[in-house]
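Trainee: quick one: sequence plus predicted model below, questions after.
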Amino acid sequence: MAETANELMPLKPDSVTYTPGNVVFKDYEAIKASAIRLAENVKSVEVTEETVATNKKLRAQINKQVKALNDYRINIHKSIMGNYTEFEDEVNLITSTVKDANNAMDAQIKTLEEQEREQRKDGIEQLFALHVQAYDKFPLSVEDFLIDNPSALNKSTSDTKVEEMVASWLDSTAKDIAAINLMADSTTIMSYYLSTHNLTDAVTLANQDNIRRKNAEAALQSHVNNEPAPEPQTVQSYTFTVPAALAPAVKQFMTDNNITFTEKENY
């Protein structure tokens with residue numbers, strides 16, 4: 001069957017050919033054992049000023065042997081992989097080509113869906129404005145309704161269902177507000193209700209506020225009752241008369257001890 005412009009040509013049995021790789025390391029155990037012996041021997045070597053030159057040669061020899069083994073591994077890897085990297089790049093190019101086009105279509109779909117949601121929102125706002133007229137000074141808005149009823153914006157929700165949701169939400173909210181008006185501390189409860197849209201949560205949060213307030217008041221009262229009255233602050237001054245010969249020493253004492261003083265000559 002010939003492919004169309006909206007289909008990716010499928011792989012045929014002979015579209016990609018490859019030969020599975022199989023590596024047998026028959027001397028693995030023997031070489032591993034020699035590596036363990038070599039490692040133990042190297043760990044026992046003590047490097048001194050007299051042997052450091054020989055030690056460096058030994059280190060270089062060991063590194064060369066290990067590199068030869070790793071180079072062999074790399075060559076086998078290349079032999080097994082062949083031109084796999086080229087094949088991978090080709091598949092990635094095909095994938096990105098189709099994916100970029102698909103992303104462009106997704107963007108258009110998303111834009112169209114957003115436009116449809118905005119149109120539905122306009123219709124919901126009209127329904128809300130029509131029904132809310134039955135409630136005097138209703139404090140919540142259509143945005144609050146959509147927070148509680150996001151499915152109203154879905155294309156799959158019929159207009160009849162949306163109207164039922166609006167009417168039901170308004171009626172339920174109005175009953176909650178009427179109940180709040182009969183409660184003590186109604187202002188605090190209402191402030192929480194405006195953000196939670198849930199009467200139980202609003203009452204719980206208001207009660208928690210009251211508990212915190214009472215605890216704070218009790219703590220403050222306890223502090224006031226237990227705090228000793230501050231001692232009255234009085235300022236006292238003294239006058240000393242000292243011989244002129246002792247005046248410098250007295251002045252130094254006052255200065256060293258941060259004592260405020262005023263010097264006056266005797267007359």
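Mentor: Good, I have the coordinates. Numbers count the residues shown, from 1 in each chain.

Trainee: elements contacting the helix or strand containing residue 177?
Mentor: Element membership for residue 177, per DSSP states H and E: helix 159-181. Applying 3 or more CB pairs under 8 Å, 6 or more residues apart in numbering; DSSP states H and E, we find helix 159-181 packed against helix 84-132, helix 142-148, helix 186-196, helix 199-226. Quick note: C-beta positions are derived from backbone N, CA and C, even for glycine.

Trainee: now that helix and helix 199-226, what's the angle there?
Mentor: Between the axis of helix 159-181 and that of helix 199-226 there is an angle of 30 degrees, by axes from the mean of the first three to the mean of the last three CA atoms, to 10 degrees.

Trainee: CA atoms only: put helix 159-181 into PDB for me.
Mentor: The C-alpha coordinates for helix 159-181 follow below in PDB (Å, rounded to 0.1, in the frame of the first residue of the first chain):
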ATOM      1  CA  ASP A 159     -24.300  24.400  28.200                       C
ATOM      2  CA  THR A 160     -27.300  23.000  30.100                       C
ATOM      3  CA  LYS A 161     -25.000  21.300  32.600                       C
ATOM      4  CA  VAL A 162     -23.000  24.500  33.000                       C
ATOM      5  CA  GLU A 163     -26.100  26.500  33.800                       C
ATOM      6  CA  GLU A 164     -27.100  23.900  36.400                       C
ATOM      7  CA  MET A 165     -23.700  24.200  38.000                       C
ATOM      8  CA  VAL A 166     -23.900  28.000  38.200                       C
ATOM      9  CA  ALA A 167     -27.400  27.900  39.800                       C
ATOM     10  CA  SER A 168     -26.400  25.200  42.200                       C
ATOM     11  CA  TRP A 169     -23.200  26.900  43.200                       C
ATOM     12  CA  LEU A 170     -24.900  30.300  43.800                       C
ATOM     13  CA  ASP A 171     -27.600  28.700  45.900                       C
ATOM     14  CA  SER A 172     -25.200  26.700  48.000                       C
ATOM     15  CA  THR A 173     -22.900  29.700  48.500                       C
ATOM     16  CA  ALA A 174     -25.700  32.000  49.500                       C
ATOM     17  CA  LYS A 175     -26.900  29.400  52.100                       C
ATOM     18  CA  ASP A 176     -23.300  29.300  53.500                       C
ATOM     19  CA  ILE A 177     -23.200  33.100  53.800                       C
ATOM     20  CA  ALA A 178     -26.500  33.200  55.500                       C
ATOM     21  CA  ALA A 179     -25.300  30.600  58.100                       C
ATOM     22  CA  ILE A 180     -22.100  32.600  58.600                       C
ATOM     23  CA  ASN A 181     -24.100  35.800  59.400                       C
END
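
Trainee: what comes up buried for it?
Mentor: For helix 159-181, burial by neighbour count (16 or more other CB atoms under 10 Å) applies to 162, 163, 165, 166, 169, 170, 173, 174, 176, 177, 180.

Trainee: and for stretch 210-222?
Mentor: Residues of stretch 210-222 include none that count as buried (16+ other CB under 10 Å).

Trainee: residues in contact with that stretch: which ones?
Mentor: Applying CB atoms under 8 Å, 6 or more residues apart in numbering, the external contacts of stretch 210-222 come out as 185, 188.

Trainee: one step back: as a markdown table, the buried residues of helix 159-181 with distance to residue 74 would be great.
Mentor: Shown next, in a markdown table, are those (distance: CB to CB, whole Å):
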| residue | distance to residue 74 |
| --- | --- |
| 162 | 66 |
| 163 | 72 |
| 165 | 67 |
| 166 | 70 |
| 169 | 69 |
| 170 | 74 |
| 173 | 72 |
| 174 | 77 |
| 176 | 74 |
| 177 | 77 |
| 180 | 77 |
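
Trainee: what's the closest of those to residue 196?
Mentor: residue 176 (10.5 Å; CB to CB).

Trainee: find the nearest non-adjacent residue to the closest one, please.
Mentor: residue 199 (4.5 Å; CB to CB, 6 or more residues apart in numbering).
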